[in-house]
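A.B. asks: Sequence and predicted model, in that order:
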Amino acid sequence: MGVRLKTAPQSVLEVFFDASRRDARMRQFMDRAREAGVRLVESDGLRLAKLCGSHGHQGVVARVQAVEQVHSLDELLEDLEARGIPPLLLVLDGVTDPHNLGACLRVADGAGAHAVIAPKDHAAGINATVAKVASGAAETVPYFMVTNLARTLGELKERNIWCIGTSDDAPRTLYDVDFKGPVALVLGAEGEGMRQLTRKTCDELISIPMQGAVESLNVSVASGVCLYEALRQRRG
């Protein structure tokens, strides 16, 4: 909710809030809502639960208008090209856990990724769990579910976007790669990794150095490590 007030305050029509909650975080949120001109309605926990369909509302429920988003990956890439911005994309192959997807969207937003891409038949869709874990990023980061991931990667390559996959057995690490140009980072689910066709379609494979006893990182953590290395290079 805080992200929606920050990025699209005009879309928030009214906020129902638990008047019994008076902690500092709630006061700060209410001040931000008032500054945005949002209509505030005092409520109780039972009414809030009925409005949102669960008791996981944290004392606030909002009625909002849908925010217009980019309709297609092609539209997004053409806009970035017109503005001279090298795309930074996160591609997820086989991430079916909504908690992992939500965390990936959150880290993609934080690192400034322009979109997250996943296959329709091998991925989680956006639902309430994803939105909650993403902490607002489900509304700020475009999420494109494509019919054929390998074909989409091929189309990215035709646009001169370098497709870099992560693999434990890759000889080069993410610290050996230049992320300043147009890049699509491709990650598979923890354990199984990318599907074989996805792996073959990548331009290059890299690894994340592992110094301890564990063999791999959770996909959202791995996404964060890779995306923030790209951000570091692009800001440098």
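C.D. replies: Yep, that arrived.

A.B. asks: With adjacent residues omitted, what lies nearest to S43?
C.D. replies: F16 (4.3 Å; Cβ to Cβ, 6 or more residues apart in numbering). (C-beta placed from N, C-alpha, C; glycine too.)

A.B. asks: Pairing partners for the helix or strand where that neighbour lies, with directions?
C.D. replies: In this structure, F16 sits in strand 12-18 according to DSSP states H and E. Partners of strand 12-18 in the sheet, by DSSP bridges, are strand 39-43 (parallel), strand 60-64 (antiparallel).

A.B. asks: circling back: which positions are bridged to the residue nearest to S43 in the beta structure?
C.D. replies: V41, V61.

A.B. asks: Touching, it and V64? I think so.
C.D. replies: No: F16 is not in contact with V64 according to Cβ atoms under 8 Å; the separation is 11.8 Å.

A.B. asks: Domain-wise, how is the protein divided?
C.D. replies: Domain ranges of the chain: 2-64, 73-235, per automatic domain parsing.

A.B. asks: Using a markdown table, lay out the ones you listed together with mean neighbour count and mean pLDDT.
C.D. replies: Listed next are the domains of the chain as a markdown table, based on neighbours: other Cβ atoms under 10 Å; pLDDT from 0 to 100:
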| stretch | mean neighbour count | mean pLDDT |
| --- | --- | --- |
| domain 2-64 | 15 | 80 |
| domain 73-235 | 18 | 93 |
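
A.B. asks: Quick check: the gap between S72 and Q65.
C.D. replies: 22 Å (Cβ to Cβ, to the nearest Å).

A.B. asks: Run the chain-centre distance for the longest helix that the chain contains.
C.D. replies: In the chain, assigned by DSSP state H, the helix with the most residues is helix 219-235. Taking the mean of its C-alpha atoms, helix 219-235 sits 13 Å from the chain's own mean (Cα atoms, centre = their mean, to the nearest Å).

A.B. asks: try stretch 177-190
C.D. replies: For stretch 177-190, the distance to the chain centre is 14 Å (Cα atoms, centre = their mean).

A.B. asks: Regarding it, how distant is the last residue from the first?
C.D. replies: 22 Å (Cα to Cα, to the nearest Å).

A.B. asks: please renumber so the chain begins at 796
C.D. replies: Got it, first residue is 796 now, which makes that one stretch 972-985.

A.B. asks: Do a quick rundown of the strands in the protein.
C.D. replies: 807-813, 834-838, 855-859, 883-888, 910-914, 938-941, 957-961, 978-983, 999-1001 (DSSP state E).

A.B. asks: Quick one: closest of those to A828.
C.D. replies: Across those, A828 has its closest neighbour in strand 807-813 (5.4 Å, Cβ to Cβ).

A.B. asks: now that closest one: how far from the chain's centre is it?
C.D. replies: Chain-centre distance of strand 807-813: 25 Å, with Cα atoms, centre = their mean.

A.B. asks: Equivalent analysis for stretch 852-872, please.
C.D. replies: On the basis of Cα atoms, centre = their mean, stretch 852-872 sits 12 Å off its chain's mean C-alpha point.

A.B. asks: ok, residues contacting that stretch?
C.D. replies: Defining contact as Cβ atoms under 8 Å, 6 or more residues apart in numbering, one finds that stretch 852-872 is touched by 796, 799, 802-803, 806-813, 816, 821, 824, 833, 838, 840, 843-844, 846-847, 874, 882, 909-910, 912, 934, 937, 939, 941, 947, 954, 956.

A.B. asks: cool, and stretch 960-973?
C.D. replies: 959, 980-983, 988-989, 993-994, 997, 999-1005, 1010-1011, 1017, 1020-1021, 1024, 1028.
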